[in-house]
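Engineer: Can you look at this prediction? I've put the sequence above it.
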2 protein chains.
Amino acid sequence: MPQSFSKPAPASVAIALNAVLAAVENESPKVLCVKSEDGRLGLPYGPFNPALHRTFEIGLRDWVEQQAHVSLGYIEQLYTFGDKGREAPAAALKGGAADDRVVSVGYLALAPEAARVNAEEAGWRDWYEFFPWEDWRNGPPAILEDEILPALGKWTSARDESARRARVGLAFGLEDAGWEEERALDRYELMYEAGLVVEAARDRGARGSPLTAKTGESMISDHRRILATAIGRLRGKLKYRPIIFELMPPLFTLLALQRTVEAIVGFRLHKQNFRRSVAQSGLVVRTKGSAVQETGGRPAALFRVNREALKDRAAKGLAIPRMKRASDSGGPAAAKQG
Amino acid sequence: MPQSFSKPAPASVAIALNAVLAAVENESPKVLCVKSEDGRLGLPYGPFNPALHRTFEIGLRDWVEQQAHVSLGYIEQLYTFGDKGREAPAAALKGGAADDRVVSVGYLALAPEAARVNAEEAGWRDWYEFFPWEDWRNGPPAILEDEILPALGKWTSARDESARRARVGLAFGLEDAGWEEERALDRYELMYEAGLVVEAARDRGARGSPLTAKTGESMISDHRRILATAIGRLRGKLKYRPIIFELMPPLFTLLALQRTVEAIVGFRLHKQNFRRSVAQSGLVVRTKGSAVQETGGRPAALFRVNREALKDRAAKGLAIPRMKRASDSGGPAAAKQG
DNA sequence: CCTATATATGCTCAAAATGAGCATTAAGGA
DNA sequence: TCCTTAATGCTCATTTTGAGCATATATAGG
C-alpha cells in the first residue's frame, strides 16, 4: 500500500526553477547569466511557489522576466536534481533549517537572438567559458590533453581502477566510439567527482586546486551542472528534432545555419554534405533575397524555415555530417589553423 | 538579482517519487502496479523525505522495496510534473492545506524478468491495458479508427480547429511522418485534454463519458501520465542506446530479443534485417547452447550480451527495421491474422 | 577590363546502410 | 519419408553517407 503523505515531512523541500536560456551570436553559443551580489555567476532562477504559479513553466517565465527582462519562447524541461550537498551556496539563501533541501528543476530555453539586457544584472556568456573542453571547432582543446586527461588518469589509478577507467574512456571518447558531444554532463560530473572543478572543492568546503582554476568558470549552486545538462540535451536533440531553427532569425544563409549547428555541437561540419541534407530535408525554403559576405565571395541565398514541414513532418532534425580531416569546409579559424 | 528563498513559501510543496518498473514477459510488456485500499491501480510511489534520503534514487528504491518487495536495477529519471489539478486523488492523502501541491518525479526502471510479488499488494499488468491504442503488433488497433479518432475529430472541430488538427495529426500519425511510436505521451495528453480518458473527467470532478470506459484502464493521480512518459522514453531510447538488454535474461535467442523489442515499440520487425543489425552491432555473442521451439522448428542459437561492447562502444542501440507488409517475419498472432 | 581571392553551389563516385524477400537447414510429428 | 515450423544464410536494388572536384559569382586591386 502506498505510504500516505499525511505525516508531515520532517524537513521541508524547496523547489528552485532554473533556466538555461541559449542563443547563438557571432558563431558562438551564449547563455544568459545573472550576477549575484558578490558578482558570482548563475542562471536565472527562483523558487517555485505553487500558490502563485499553476505550472513550473509559468513560474519559470516569471522569474526570468523579473531577473533578466527577457521573455521566453521555446522551453523544455531538462532534469530535476535532488541530491544532497550539491546546492551548497543556495543554503545561505534559505531561511529554513539546515537540513532543508533545495531541489533544482532545470529548463532549457532557446532564443533566435541574444536579447538586450541590463548589464548590471544579467549578461550573455559564451558557454564554452564554462566548458572549455567542449569546444572542438578548432581541433582538440589543448586543456584536455594537457590538463584534464592527465588529472583524470591520476584519479583513475587512485581507486576502482577499472571501473573508473571505463567511465573516463566512455565520457571522453577514448574508446572506439570516439568523442560523443552529447555526453557533456557525463564529463562534467566525472570532473566534479575527480575534484577538477571549483564547485567540487567548494561543496566539500575546500579551496580549489591549481587545476580547477583552468577548468572553466564556475557558477553558483549546481548551475554549471544544469548548464552541462542543457548542452548535452541540445546536442542530442538536434539530431532528431528540428529545434535548431528556434535559434535562427527569420532569414538566414545556409552557412549561418551551419555555423549555428557547429556552435552547439562543438565541431565543424562538412559543408557540401550539410547543405545537401538540409536541402533534402525540406525544412527550409529558398527566398529571393541574398546576402553578401563581408569578406567578399559569391553572395549566399537567404532561406527561411518551412513552417509546414516543421509541423507536418515531425521532421527528423538535420543530419550532422562531421568533418574528419580539414578541407575547404573548415571554419574561418580552422582554415587559418591548418 | 535572483530572488532569495528566505521568504517562506506561502504554500508547501511535497515531492512524490514514482516508479515505472517495466519487464517483458510472454512477449508482453509489463509494469508493476500497486493497489490502493479501494482497489484502484497506481505505480509504486512515496514522498521524498530529504532527511531520510540523500538522493531521489535512494528514496525511490526504498519505496519500491517497501511496497512491492522488489529491488531495482537500472533506473533513469523521466520527468517532473508540477501542474496544478493533475494530482487530484493524491490530495486526499495529504495532511496539509488545500493548496498544497504534489510534484511528481517519475522514474523508469527496467528488470530482466517480472519478479514474484505478493498479489495482495502488487501485481504486474500489461501496459497496453492502460494504452490499448499503442499496440500495433497485430495491425492498427481497432479502437483508434472506431472510437478515438472520431472523438478527437469532434474535439478538433469544437474550437481552434487548425491548431488542434495539427496536434492530432502529429501525435496520431495522420501526417506523412506516420505513426511515431515514441509519441505515447503526446497522445495521452491529447486524449486527456479532449476528455477521452477517465482521469480527465475525474480531475474536473465529473463522471466519465461512455467512451472513457473503453480507452484503457485508469490509474490514480497522474500515474497513467507517468506511465505514458515511460513508454515514450523507452521507445525512443531503444534506438540510440542498448538498454533493451536490461530487459533480457542472461541467455536468449534472437527471436526472444526481437519479441522484446516488439513488445516495447508496439509493432512488428523484419526478422532477417533485425538479426543482421544485431549481428553487426557486436552487442551480442553466440554461445554454444541452443533452444528448441515448443512448436517444433530448427533450434535457435542462444546468445548473451557482449558486456565489453556495451561498455566500450557506448553503442548505438539496435536498428528497428519496421515491417511494412506482412510476411514470414510477422509475429505468431500476426501470421494467423493475415 | 583583367587577375587574384573568397565563397556559394553543383555534381560525381564509391562505400555503407537499408528494405524486401528467396533459399536452405534442422528439428519434431504424422 | 514427407510435412510443418522456425532459424539462418544470402542476394539485390535502393538510399543514405562521406569525400572532394569543378563552377559560378562576388569583392579588391592593378
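Structural biologist: Sure, I can see it. Computed from a predicted structure; not experimentally measured.
Engineer: buried stuff in whichever strand or helix holds residue A:152?
Structural biologist: Using DSSP states H and E, residue A:152 sits in helix A:149-158. Buried residues in helix A:149-158, counted by 16 or more other CB atoms under 10 Å in any protein chain shown: A:151, A:152, A:155, A:156. Where C-beta positions appear, they are placed from N, C-alpha and C, glycine not excepted.
Engineer: Nearest residue to the middle of chain A?
Structural biologist: Nearest to the mean C-alpha position of chain A, by CA atoms, centre = their mean, lies residue A:231 at 2.5 Å.
Engineer: residues touching that residue, list them.
Structural biologist: If you count contacts by CB atoms under 8 Å, 6 or more residues apart in numbering or on different chains, residue A:231 has them with A:127, A:131, A:134, A:184, A:185, A:264.
Engineer: before we move on, what about residue A:155?
Structural biologist: A:164, A:193, A:194, A:195, A:196.
Engineer: Swap in 7 Å and give it another go.
Structural biologist: A:164, A:194 (CB atoms under 7 Å, 6 or more residues apart in numbering or on different chains).
Engineer: What are the phi and psi values at residue A:261?
Structural biologist: phi -60, psi -40 (degrees, to the nearest 10).
Engineer: one step back: roughly how far apart are the residue nearest to the centre of chain A and residue A:117?
Structural biologist: 21 Å (CB to CB, to the nearest Å).
Engineer: likewise residue A:53?
Structural biologist: When residue A:53 is compared with residue A:117 (using CB to CB), they lie 23 Å apart.
Engineer: Looking at the residue nearest to the centre of chain A now. What's its pLDDT?
Structural biologist: Looking at residue A:231, its pLDDT stands at 98.
Engineer: you'd agree it is in a helix?
Structural biologist: Yes - per DSSP: H, G, I helix; E, B strand; the rest coil, residue A:231 lies within a helix segment.
Engineer: So residue A:249: helix, strand or coil?
Structural biologist: Residue A:249 - assigned by three-state DSSP - is coil.
Engineer: my read: it touches residue A:111, true?
Structural biologist: No - Residue A:249 lies out of contact with residue A:111 (CB atoms under 7 Å); the separation is 10.4 Å.
Engineer: Secondary structure element holding residue A:123?
Structural biologist: strand A:122-126.
Engineer: residues of that strand that come out buried?
Structural biologist: For strand A:122-126, by 16+ other CB under 10 Å, it's A:122, A:123, A:124, A:125, A:126.
Engineer: How about stretch A:103-113?
Structural biologist: So, applying 16+ other CB under 10 Å, buried residues of stretch A:103-113: A:103, A:104, A:105, A:106, A:107, A:108, A:109, A:110, A:111, A:112.
Engineer: I'd like to know which of the residues you listed are part of helices.
Structural biologist: Among the buried residues of stretch A:103-113, no member falls in helices (DSSP state H).
Engineer: Filter those residues down to the ones in strands?
Structural biologist: A:103, A:104, A:105, A:106, A:107, A:108, A:109, A:110 (DSSP state E).
Engineer: among those, which are in reach of chain B?
Structural biologist: A:103, A:105 (CB under 7 Å from any CB of the partner chain).
Engineer: Identify the residues contacting residue A:115.
Structural biologist: Counting by CB under 7 Å, 6+ apart, the residues that residue A:115 touches are residue A:70.
Engineer: let me fix that: residue A:72
Structural biologist: A:21, A:61, A:64, A:109.
Engineer: Which of the three states applies to it?
Structural biologist: Per three-state DSSP, residue A:72 ends up coil.
Engineer: Quick check: bridge partners of the closest residue to it other than its chain neighbours?
Structural biologist: Nearest in space to residue A:72, with sequence neighbours left out and distances taken as CB to CB, 6 or more residues apart in numbering or on different chains, is residue A:109 at 4.5 Å. Beta bridges link residue A:109 to residue A:21, residue A:75 when assigned by DSSP bridges.
Engineer: Look up how far residue A:127 lies from residue A:109.
Structural biologist: For residue A:109 relative to residue A:127 (CB to CB), the value is 13 Å.
Engineer: for residue A:62, same thing?
Structural biologist: 24 Å.
Engineer: more neighbours, the two?
Structural biologist: residue A:127 (27 against 17; other CB atoms under 10 Å in any protein chain shown).
Engineer: residues in contact with that one?
Structural biologist: A:29, A:30, A:31, A:227, A:231.
Engineer: For the fourth one, grab the count of nearby residues.
Structural biologist: Neighbouring residues of residue A:227 were enumerated by other CB under 10 Å; the total is 28.
Engineer: you'd agree it is in a helix?
Structural biologist: Yes - under three-state DSSP, residue A:227 falls within a helix.
Engineer: returning to that earlier point: the contacts of residue A:231: which ones sit near DNA strand C?
Structural biologist: Residues of the contacts of residue A:231 in contact with DNA strand C (CB under 7 Å from any atom of the strand): none.
Engineer: Highest neighbour count among those?
Structural biologist: Top of these by neighbour count (other CB under 10 Å): residue A:127, with 27 neighbours.
Engineer: re the thing from before, the buried residues of stretch A:103-113 into a markdown table, with extra columns for distance to residue A:13 and pLDDT?
Structural biologist: Putting the buried residues of stretch A:103-113 into a markdown table (distance: CB to CB, whole Å; pLDDT from 0 to 100) gives the following:
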| residue | distance to residue A:13 | pLDDT |
| --- | --- | --- |
| A:103 | 6 | 94 |
| A:104 | 11 | 95 |
| A:105 | 12 | 97 |
| A:106 | 16 | 98 |
| A:107 | 19 | 98 |
| A:108 | 23 | 98 |
| A:109 | 24 | 98 |
| A:110 | 29 | 98 |
| A:111 | 31 | 97 |
| A:112 | 36 | 96 |
